[in-house]
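Engineer: with the sequence up front, the predicted model follows.
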Amino acid sequence: MRPAMEPPVEHQAQADAGADPDEREAPELVVLGGGIGQAPGFMEAVAEQLRALAPVLPEVKVSALGADAVVEGCLAAGLDTAWQLVTAAVPAPSADGAAAT
């Protein structure tokens, strides 16, 4: 079973939309993933834009997962779904230990 995940950033942004600007939660970390995150100068450009937008500058990092992170995530999700489908089709054992028919 996968661990519970935090709500996506856009949900927090929606929750903060009506909040007093001084009470909004600022992200502490921005992670740039995939191939674009590793492009030369991209992280610096994002950090520069954040300086103009954010009252508190979050840390900006490039994901350690690399350029294939999205593909690997899709494969992992597909394998997880396939495993759930396969194991759901296996009959549960009966009380005497024999497979149910």
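Structural biologist: It's in. Residues are numbered from 1 along each chain as shown.
Engineer: not counting residues beside it along the chain, what's closest to Arg51?
Structural biologist: Once flanking residues are discounted, Arg51 sits nearest to Leu57: 6.0 Å by Cβ to Cβ, 6 or more residues apart in numbering. Every residue, glycine included, has its C-beta placed from N, CA and C.
Engineer: sec struct for the residue located most distally from the centre of the chain, please.
Structural biologist: In the chain, Asp96 marks the outermost C-alpha relative to the chain mean, sitting 43.5 Å out by Cα atoms, centre = their mean. Going by DSSP: H, G, I helix; E, B strand; the rest coil, the secondary structure assigned to Asp96 is coil.
Engineer: same thing with Val56?
Structural biologist: Following three-state DSSP, Val56 is assigned to coil.
Engineer: tell me the spacing between the residue farthest from the centre of the chain and Ala89.
Structural biologist: Plainly put, Asp96 is 22 Å away from Ala89 if you go by Cβ to Cβ, to the nearest Å.
Engineer: how about the strands in this protein?
Structural biologist: Using DSSP state E, the strands of the chain run over 29-32, 59-62.
Engineer: relative to Ala47, which of those strands is closest?
Structural biologist: When those are compared by Cβ to Cβ, strand 59-62 sits nearest Ala47, at 4.6 Å.
Engineer: export that closest one as PDB, just CAs?
Structural biologist: Output in PDB follows, covering the C-alpha atoms of strand 59-62 (Å, rounded to 0.1, in the frame of the first residue of the first chain):
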ATOM      1  CA  GLU A  59      14.900  26.300  -1.700                       C
ATOM      2  CA  VAL A  60      15.000  25.300  -5.400                       C
ATOM      3  CA  LYS A  61      16.500  21.900  -6.200                       C
ATOM      4  CA  VAL A  62      16.700  19.600  -9.200                       C
END
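Engineer: what residues of that strand count as buried?
Structural biologist: Buried residues in strand 59-62, counted by 16 or more other Cβ atoms under 10 Å: 60, 62.
Engineer: 59 is where my numbering starts, stick with that
Structural biologist: Right, with 59 as the first residue, what we last looked at is strand 117-120.
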